[in-house]
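Undergrad: need a structure here:
(chains A and B)
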There are 2 protein chains.
Amino acid sequence: MRATIIAVGSELLGSDRADTNSLFLADRLADHGVEVRRKVIVGDRIVDIEREVERAGAEASLVLVTGGLGPTQDDLTRAAVAGALGRALIRDPAIIEDIRRKFASFGRDMAPVNERQADVIEGAVVLENRRGTAPGLRVEEGETTFFLFPGVPDELHGLVDQALEPWLVEHAPGGGFERRVFKVACLAESDLEGLLQPFYSEFGNQGVSLLPSPGEVTVGLTTGGSVEERESWLEPRERLLEQLLDVYAFGRGDDALLEAVVGCLLVERGKTVATAESCTGGGVAERLTAVAGSSAYFLGAAVTYSNSLKVSLLGVPEQMIEDHGAVSAQVAEAMARGAREGLGADYGLAVTGIAGPGGGSPEKPVGTVHVALAGGGAADMIERRFQFPGDRARVRRLTTQWALDLLRRKLLGAAMSEYGLSAGADAQSRP
Amino acid sequence: MRATIIAVGSELLGSDRADTNSLFLADRLADHGVEVRRKVIVGDRIVDIEREVERAGAEASLVLVTGGLGPTQDDLTRAAVAGALGRALIRDPAIIEDIRRKFASFGRDMAPVNERQADVIEGAVVLENRRGTAPGLRVEEGETTFFLFPGVPDELHGLVDQALEPWLVEHAPGGGFERRVFKVACLAESDLEGLLQPFYSEFGNQGVSLLPSPGEVTVGLTTGGSVEERESWLEPRERLLEQLLDVYAFGRGDDALLEAVVGCLLVERGKTVATAESCTGGGVAERLTAVAGSSAYFLGAAVTYSNSLKVSLLGVPEQMIEDHGAVSAQVAEAMARGAREGLGADYGLAVTGIAGPGGGSPEKPVGTVHVALAGGGAADMIERRFQFPGDRARVRRLTTQWALDLLRRKLLGAAMSEYGLSAGADAQSRP
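TA: Numbers count the residues shown, from 1 in each chain, chains lettered A, B, ... in the order given. Have a look, this model is predicted:
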């Protein structure tokens, strides 16, 4: 079953209002195995709405239209859908009474313009709106079912629960889609594609999606059908992906968070961490503490933005900063040691770098970042230098991602040879 | 001039990714008086993309397509547009070389799949992408100009500035809409509406928009017409808004940032700040350092998540924590003093609270937060207690917002009686 979602409203064509109704509807449809073919936003122009409705009716068996059901002159959805389907609009006095009663219950008179909300498309089923005044409508035309819903999110949600969900339960294929997700950290999308070549050779790329964000790629496997069909499609693919992605995959599920995975690993091992941060300004600590319960393993951070604080809070020797600069392997390691010993944690995780736009030089351009991790074994220290691309925000974001991934790999006892391998390529392809 | 915006990407048809690129493009188009006719989202299916492109070409003189320009097999925009326009795709070796060079500058080899990004539609103008590897394209077909842009927001923004803006300056009707913006901090939307009653009485609400986000409301005034018409509409309205909003307004323009405004005030006065943070986990410091040049006024932070670090890093007396609890006015003030004296800054800004979901009690429920600011005069101290609504992320976000606003008002010498006034009401109405 395929659906097209039409959002009506000129305010949605502008720059400041995201169409969240369509996201909500797509989510509900996915639960019932209905695929969304297109999402469209049209303005309050009757010709445009009619054209979209006609087109949607031709391409989908379910068409959901939100918005344009209010009392004003800009509310044209009823008329447009009636026009597209060649049907009359009939004003229903019983609905006018309902609306009048709703206003009265708030001590108000109903302004006459509200009568437009009682116009019903010939042959439609009226869907009572318990959270507002404009009723929804359901119309069947040929192979297609059209639903007209209010655009006010709360009213839409109410009508969806009340009228769309039961209809979907009865008519949709059900079974729904099943989606399995691997979240991959610190691997460039093109390097990931390279890693997945054996998968593509064996299974092709149908049903596989790669969604990148800074320092992360979400790999999705989606399929439909019966429980058995889904399982037999997913099982071998998941197994091969697990094998190919190996330690690069840090979590399963769309809501897997690198900082939460790190938190779990620390809790499992009964270990604590403190951070020492310069260029990220507290960003690593902020991510670690975004996880509820992080006080079990996160002690605190020394955000030593100035060099004097690197000296006074973390014990970095002043001479070292003079000799090597604040952005150096030596200072990163000293900061990590300072976080571990000074703040009393099992692990000290440090970052120092040049986020930009200023501060760069030929030897240390903008994006130069050192990450260091002290802890595990008493004298254990891992340090890496990176060259991150992008603007200030991106460099800071990538730094927190690579720092957290370093800690994750250390806790897993993973081979460190792979860590940071992709940091160069990431500079190019959408890290 | 009419434009249609097409966003390509199956991930946008689902439920978890809002199409922010189209909002951004609509905004830029509005500046040039270009009306958006339709916004569409299509999946990674070549037939669907082709059909949308054909349709858009028939209805609009400007078509903007984002997404689907990457190196993977799902990236089909170039082929789809070529197909829709009946043109060939020609792989350009010079572009392959460019991409290879970009990878090399980061010490990496270019994976062969990237060569697809060098496919150019016959007759197209190549738009160099300085923030990524896939070039954009501009194609003229009959009366319509098509732009193909990457879907990665940062790369899209770069190419829009570089290639679309100049084109619009030359071809768009101009005049455009003019928008004046006031950014308001720490005032509930409903309290703000109350403050604006005199404005509504005098001018009505046409052309006024209120867009809330946590701890902030963006007030926009938008109008069109000739330069004189726009000026005569805007001038009296701006003047009254300035008067009514007073200190609540912290900046002008959609890109005004509270942390940047605070930074400017500190620089003007030659003052420095350090933060002492518990529940925000470094979030205040992270915001302050998001601003380029913040090293001029931000020294660092002590993120004292554990009580022992409040004692050892900030000198908070252990007995005080035992007597009053870590979340108390006394501890907040001691932390602020510790940040100021211990970290050597002119101002010490401290936050301590219960972000949730755990940790609450009847006396101190989740959302209880104390903010304290030491500095200005030698013995100056301001402390406030808040009850913030929402989940962990929201409580942490609101805390950083109120903390930054406290510092801003102190630096402005503003009356402190108004600060925090709205925080209770905020608990109700969407802070």
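Undergrad: for the strand or helix carrying A:Val311, name the packing helices and strands.
TA: Using DSSP states H and E, A:Val311 falls within helix A:307-314. Helices and strands in packing contact with helix A:307-314 are listed as strand A:298-304, helix A:318-324, helix A:329-342, strand B:298-304; criterion 3 or more Cβ pairs under 8 Å, 6 or more residues apart in numbering or on different chains; DSSP states H and E. (Each C-beta comes from the backbone N, C-alpha and C, glycine too.)
Undergrad: among those, which is nearest B:Asn114?
TA: Nearest of those to B:Asn114, taken as Cβ to Cβ: helix A:329-342 at 31.4 Å.
Undergrad: element containing whichever residue of the stretch 51-200 of chain A sits closest to chain B, please.
TA: Residue nearest to chain B within the stretch 51-200 of chain A (Cβ to the nearest Cβ): A:Ser190, separated by 4.4 Å. Element membership for A:Ser190 (DSSP H and E) is helix A:189-195.
Undergrad: report the buried residues of that helix.
TA: Using 16 or more other Cβ atoms under 10 Å in any protein chain shown as the test for burial, helix A:189-195 gives A:189-193, A:195.
Undergrad: got the contact list for A:Glu155?
TA: Counting by Cβ atoms under 8 Å, 6 or more residues apart in numbering or on different chains, A:Glu155 touches A:129, A:131-132, A:134, A:149.
Undergrad: give me the nearest residue to it, chain neighbours excluded.
TA: A:Gly132 (4.1 Å; Cβ to Cβ, 6 or more residues apart in numbering or on different chains).
Undergrad: and the next helix or strand past the helix or strand harbouring A:Leu265?
TA: In this structure, A:Leu265 sits in helix A:258-269 according to DSSP H and E. Once the chain leaves helix A:258-269, the next helix or strand it forms, by DSSP H and E, is strand A:273-277.
Undergrad: strand A:298-304 and that next one, what's the angle between them?
TA: 10 degrees (axes from the mean of the first three to the mean of the last three Cα atoms, to 10 degrees).
Undergrad: quick check: domain ranges of chain A?
TA: A:2-171, A:177-252, A:264-429 (automatic domain parsing).
Undergrad: can you put these in TSV and add mean pLDDT?
TA: As requested, the domains of chain A are arranged in TSV below (pLDDT from 0 to 100):
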stretch	mean pLDDT
domain A:2-171	90
domain A:177-252	90
domain A:264-429	92
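Undergrad: most tightly packed of those?
TA: domain A:264-429 (a mean of 22; mean count of other Cβ atoms under 10 Å in any protein chain shown).
Undergrad: part of a helix, is the residue nearest to A:Glu155?
TA: No. Going by DSSP: H, G, I helix; E, B strand; the rest coil, the assignment for A:Gly132 is coil, not a helix.
Undergrad: I figured it was touching A:Gly151, is that so?
TA: No. Using Cβ atoms under 8 Å, A:Gly132 and A:Gly151 do not qualify as a contacting pair, with a distance of 10.1 Å.
Undergrad: quick one, phi/psi of A:Ser328?
TA: phi -160, psi 160 (degrees, to the nearest 10).
Undergrad: and it, what does it touch?
TA: A:Ser328 touches A:352, A:370, counting by Cβ under 8 Å, 6+ apart.
Undergrad: after the helix holding A:Ser190, next one along is what?
TA: Assigned by DSSP H and E, the successor of helix A:189-195 is helix A:197-203.
Undergrad: give me the contacts around the helix or strand following that next one.
TA: Next helix or strand after helix A:197-203 toward the C-terminus (DSSP H and E): strand A:208-213. Contact partners of strand A:208-213, identified using Cβ under 8 Å, 6+ apart, comprise A:189, A:192-193, A:199, A:217-222, A:429-431, B:10-11, B:17, B:72, B:74, B:152.
Undergrad: would you mind listing what in the stretch 201-350 of chain A touches chain B?
TA: A:205, A:209-212, A:254, A:275, A:277, A:279-286, A:288-290, A:292-295, A:298-306, A:308-309, A:312-313, A:343-344 (Cβ under 8 Å from any Cβ of the partner chain).
Undergrad: what is the biggest helix by length in chain A packed up against?
TA: Looking across chain A with DSSP state H, the single longest helix is helix A:392-412. With contacts taken as 3+ Cβ pairs under 8 Å, 6+ apart, helix A:392-412 sits against strand A:178-185, helix A:258-269, helix A:283-289, strand A:347-353, strand A:368-374, strand A:381-387.
Undergrad: on that earlier part again, among the contacts of strand A:208-213, name the ones in strands.
TA: Using DSSP state E, A:217-222 are the members of the contacts of strand A:208-213 that sit in strands.
Undergrad: so is stretch A:57-71 next to chain B?
TA: No. Using Cβ under 8 Å from any Cβ, stretch A:57-71 never reaches chain B; the gap is at least 9.1 Å.
Undergrad: can I get that stretch in PDB? Just the C-alpha atoms.
TA: This file holds the C-alpha atoms of stretch A:57-71, laid out as PDB (Å, rounded to 0.1, in the frame of the first residue of the first chain):
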ATOM      1  CA  GLY A  57      -5.100   9.900  -6.200                       C
ATOM      2  CA  ALA A  58      -3.500   8.600  -9.400                       C
ATOM      3  CA  GLU A  59      -0.300   7.400  -7.700                       C
ATOM      4  CA  ALA A  60      -1.400   6.200  -4.200                       C
ATOM      5  CA  SER A  61      -4.100   4.200  -2.600                       C
ATOM      6  CA  LEU A  62      -4.000   6.300   0.500                       C
ATOM      7  CA  VAL A  63      -3.900  10.100   0.500                       C
ATOM      8  CA  LEU A  64      -3.500  12.100   3.700                       C
ATOM      9  CA  VAL A  65      -4.200  15.800   3.500                       C
ATOM     10  CA  THR A  66      -3.600  18.100   6.400                       C
ATOM     11  CA  GLY A  67      -4.400  21.700   6.800                       C
ATOM     12  CA  GLY A  68      -6.800  24.200   5.200                       C
ATOM     13  CA  LEU A  69      -9.900  23.100   7.100                       C
ATOM     14  CA  GLY A  70     -10.300  26.200   9.300                       C
ATOM     15  CA  PRO A  71     -13.000  28.900   9.000                       C
END
